[in-house]
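> task: produce atomic coordinates for the following.
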Amino acid sequence: MKLSLLRNGLRQSAGRKAAYIASLVFTLLFAALQLLGLIALRGNEHAPALVLTITAVLTLGWAVMPLFFSAGDETLDPTRLVMLPLRPAPLALSLLVASLVGIGSLFTLTLAAGSVVAVAHGTAAVVTGVVAAPLVLLVCVALSRAVAAANVRLLTSRRGRDLALLSGLFIAVGAQFVNLGVQKLSEPGGLRVLEPAADVLRWVPPASALDAVRAAGAGSYATAAAQLALTGAALALLVWWWQRSLTRLMTAPDGSTLQAATTPGKKPSGDGTGLARLLPPGRTGTVMERTLRYAWRDPKAKTGWVSALGIGLLLPVVYAVQGNGSPYAACWAAGLLGMQMYNQFGQDTSAFWIVAQTISSPRDAYLELRGRAMALAVVAVPYVTLVVIISSVLLEDWSAFPEALGVSLALLGAMLATGALASELFPYSIPQDSGFKNVAPGQAGLAWLSILGGMLAAALLCAPLLALVIWMHVAGAHAWLWLILPAGALYAWGITRLGLRLAAPRTAARLPEILAAVSKA
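As a prediction, the model looks like this:
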């Protein structure tokens, strides 16, 4: 069945076949390079530590892969096999064998074989490696299947689709950390930093199986046997957990088809309970709650928010770790979060007509825009402050904290102001069923004009404050730089208020045009 699914999937289109072949060639080339690198490390005193770390990272990848790429393998969802006359034990064995067919399994086996070559010295080590390499592959595959079976209800739900949309962000963040790790390890004596982690990982399956190869080569046969037994026990435990999950999936009804029980006396949602009680009264609080709910529930909105939060923190940290950072790098967080203010009405799509029905005057439009801006500020202001604090800690430069935070808040305020104007001037539709596409066909120019034009305008609006900071540095007025923090906060408040005031009358006058623009998807 796995081969049939693979063959039929490749027959669907030439593009899909080309992508599969390209990924296969790239993976094989990368695996070959890794194999050569591991062979070249043979005899290095830190080779075992590197091998154990690579195996741990690879195992982690197998564990989280089903949570983000479940749609890439139809056999990850065992509920599709519920009508077949299969018992859990034979089904688990069949799925385990089917999982060995694929690019990931080939890459893992190649890496495990290279790891064995890197640490094996002597006949006993080679014999142990013949057992350890397949055992590593089986543990990784069984872990992936067990995680997928335990979370299959999540993976087939709306939250599972949210995870799929966020997969690109996690890959980007993970790639940055891998890049930092590679740079650190490439330094002279860089592999030495892995030794403390290796002391722990040598007893964590499946890395313990590879350390058994080293132990056997060193003559510690009892230790090698214990480490192999530990990995075998982990494999048995994973298979047992997997079978229990399969039994539950095959026999228990799907909770989504059952009528939810209503708890007596339970208050319905939306009654002002929880954090909603902290929001201001009136239309402003209602709009803030709606905006925050969209940010949490809508996949496209959630992707934008999480991307801004993740990258806004990642870039300053990466710059600081590399030694070329600055507390002003927190402006990335302010800018990326401020971009969420752009195309506010496009996020509503055709449902914007409901909002338009409630706007009968510029005052209503102002309250609508103010509520959306305040919802963004509730998250952005403390987050930007946190990013500046983290940057200052990593750089050990607290003297620049007030000015960096003041400039970041000013940039955030300018982005909120220009975002309100861009939402009214250049609204565009966001497709809800087009994967990663965030602009409706024919509106890409509007999107670019809105974002790039708004960013340039925001930078120009911050020019007075930046000029003041530069003048104070040149004039030697370092003792007064702390004034940039309150000045930046006041500037952000004033420029945001001005932007909302300017955008409100035009928004109230252009409701039909905005509705037509955001309803094209």
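> please verify my assumption that residue 230 contacts residue 208.
Yes - the pair residue 230 and residue 208 qualifies as a contact (C-beta atoms under 8 Å) at a distance of 5.1 Å. For the C-beta atoms, the positions are set from N, CA and C on the backbone; glycine is no exception.
> those two - which one has more neighbours?
Using other C-beta atoms under 10 Å, the more surrounded residue of residue 230 and residue 208 is residue 208, with 27 against 17.
> what about that one, helix or strand, and which?
Using DSSP states H and E, residue 208 sits within helix 207-217.
> repeat that for residue 372.
Assigned by DSSP H and E, residue 372 falls within helix 362-395.
> ok, residue 138 next?
Residue 138 belongs to helix 123-150 when elements are defined using DSSP H and E.
> and stretch 387-402, what's its mean pLDDT?
The pLDDT scores in stretch 387-402 average 86.
> I'd like to know which elements the helix holding residue 138 is packed against.
Judged by 3 or more C-beta pairs under 8 Å, 6 or more residues apart in numbering; DSSP states H and E, helix 123-150 is in contact with helix 47-68, helix 88-99, helix 103-119, helix 207-217, helix 221-251.
> got the CA positions of the fourth one in PDB?
It stands for helix 207-217. Taking Å, rounded to 0.1, in the frame of the first residue of the first chain, the C-alpha atoms of helix 207-217 are listed here in PDB:
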ATOM      1  CA  ALA A 207      22.200   7.600  21.100                       C
ATOM      2  CA  SER A 208      23.100   5.000  23.700                       C
ATOM      3  CA  ALA A 209      23.200   2.300  21.000                       C
ATOM      4  CA  LEU A 210      26.000   4.300  19.100                       C
ATOM      5  CA  ASP A 211      27.900   4.800  22.300                       C
ATOM      6  CA  ALA A 212      27.800   1.100  22.800                       C
ATOM      7  CA  VAL A 213      30.000   0.800  19.700                       C
ATOM      8  CA  ARG A 214      32.600   3.100  21.400                       C
ATOM      9  CA  ALA A 215      32.300   1.200  24.600                       C
ATOM     10  CA  ALA A 216      32.800  -2.200  22.900                       C
ATOM     11  CA  GLY A 217      35.800  -0.900  21.100                       C
END
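> and that helix, what does it pack onto?
By 3+ C-beta pairs under 8 Å, 6+ apart, helix 207-217 packs against helix 47-68, helix 103-119, helix 123-150, helix 195-201, helix 221-251.
> next SSE downstream of the last one?
Meaning helix 221-251. Using DSSP H and E, the helix or strand that follows helix 221-251 in sequence is helix 282-297.
> buried set for that following helix?
Using 16 or more other C-beta atoms under 10 Å as the test for burial, helix 282-297 gives 283-292, 294-295.
> same thing with stretch 234-241?
Within stretch 234-241, the residues that count as buried by 16+ other C-beta under 10 Å are 234-235, 238-239, 241.
> pLDDT weak spots in the stretch 401-521 of the chain?
432-444, 446, 521 (pLDDT under 70).
> and the buried residues of helix 282-297 as CSV, adding distance to residue 486 and pLDDT?
As requested, these are exported to CSV (distance: C-beta to C-beta, whole Å; pLDDT from 0 to 100):
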residue, distance to residue 486, pLDDT
283, 30, 87
284, 25, 85
285, 27, 87
286, 31, 88
287, 28, 89
288, 25, 89
289, 30, 88
290, 32, 88
291, 28, 87
292, 28, 88
294, 32, 83
295, 29, 82
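> out of those residues, which comes closest to residue 42?
Set against residue 42, the nearest of those by C-beta to C-beta is residue 295 (51.4 Å).
> tell me how far the closest one lies from residue 218.
Distance of residue 295 to residue 218, given as C-beta to C-beta, to the nearest Å: 55 Å.
> what angle separates the helix holding residue 208 from helix 221-251?
Orientation check (axes from the mean of the first three to the mean of the last three C-alpha atoms, to 10 degrees): helix 207-217 against helix 221-251 gives 160 degrees.
> pull the residues that contact helix 207-217.
The set of residues external to helix 207-217 that reach it, using C-beta atoms under 8 Å, 6 or more residues apart in numbering, is 48, 51-52, 55-56, 59, 112, 115-116, 119-122, 124-125, 127-129, 131-132, 135-136, 139, 201-203, 221, 223-225, 227-228, 230-231.
> among these, which ones are buried?
The neighbour-count test (16+ other C-beta under 10 Å) marks 48, 51-52, 55-56, 59, 112, 115-116, 119-120, 124-125, 128-129, 131-132, 135-136, 139, 201-202, 223-224, 227-228, 230-231 as buried among the contacts of helix 207-217.
> okay if I get the helices and strands packed on helix 207-217 as CSV plus distance to residue 362 and mean pLDDT?
Output for those, formatted as CSV (distance: least, C-beta to C-beta, whole Å; pLDDT from 0 to 100):
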stretch, distance to residue 362, mean pLDDT
helix 47-68, 45, 83
helix 103-119, 57, 89
helix 123-150, 53, 89
helix 195-201, 60, 83
helix 221-251, 56, 87
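> for residue 431, helix, strand, or coil?
Using DSSP: H, G, I helix; E, B strand; the rest coil, the structure places residue 431 in coil.
> over to residue 360?
Under three-state DSSP, the three-state class of residue 360 is coil.
> so who does it touch?
Contacts of residue 360 by C-beta under 8 Å, 6+ apart are residue 508.
> at 6 Å what do you get?
With contact set as C-beta atoms under 6 Å, 6 or more residues apart in numbering, residue 360 has no partners.
> try residue 417
By C-beta under 6 Å, 6+ apart, the contact list for residue 417 reads 495-496, 499.
> how close does residue 194 get to residue 49?
In terms of C-beta to C-beta, residue 194 sits 4 Å off from residue 49.
> shared neighbours, these two?
Common neighbours of residue 194 and residue 49 (C-beta under 6 Å, 6+ apart) do not exist.
> with respect to residue 371, which of the helices and strands packed on helix 123-150 lies nearest?
So among the helices and strands packed on helix 123-150, helix 47-68 is nearest, using C-beta to C-beta, at 33.4 Å.
> buried stuff in the closest one?
Residues 47-56, 58-59, 62, 65-68 are the ones in helix 47-68 that count as buried (16+ other C-beta under 10 Å).
> extract the CA atoms of that helix and return them as PDB.
The C-alpha coordinates for helix 47-68 follow below in PDB (Å, rounded to 0.1, in the frame of the first residue of the first chain):
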ATOM      1  CA  ALA A  47      34.000  12.200  17.500                       C
ATOM      2  CA  PRO A  48      31.800  10.200  19.900                       C
ATOM      3  CA  ALA A  49      30.400  13.400  21.400                       C
ATOM      4  CA  LEU A  50      29.500  14.700  17.900                       C
ATOM      5  CA  VAL A  51      28.000  11.400  16.900                       C
ATOM      6  CA  LEU A  52      25.800  11.300  20.000                       C
ATOM      7  CA  THR A  53      24.600  14.900  19.500                       C
ATOM      8  CA  ILE A  54      23.800  14.400  15.900                       C
ATOM      9  CA  THR A  55      21.800  11.200  16.700                       C
ATOM     10  CA  ALA A  56      19.900  13.100  19.400                       C
ATOM     11  CA  VAL A  57      19.000  16.000  17.000                       C
ATOM     12  CA  LEU A  58      18.000  13.500  14.400                       C
ATOM     13  CA  THR A  59      15.700  11.600  16.800                       C
ATOM     14  CA  LEU A  60      14.100  14.900  17.900                       C
ATOM     15  CA  GLY A  61      13.400  15.600  14.200                       C
ATOM     16  CA  TRP A  62      11.700  12.200  13.800                       C
ATOM     17  CA  ALA A  63       9.600  12.900  16.900                       C
ATOM     18  CA  VAL A  64       8.300  16.300  15.800                       C
ATOM     19  CA  MET A  65       8.100  15.600  12.000                       C
ATOM     20  CA  PRO A  66       4.500  14.100  12.200                       C
ATOM     21  CA  LEU A  67       3.200  17.200  14.000                       C
ATOM     22  CA  PHE A  68       4.100  19.400  11.100                       C
END
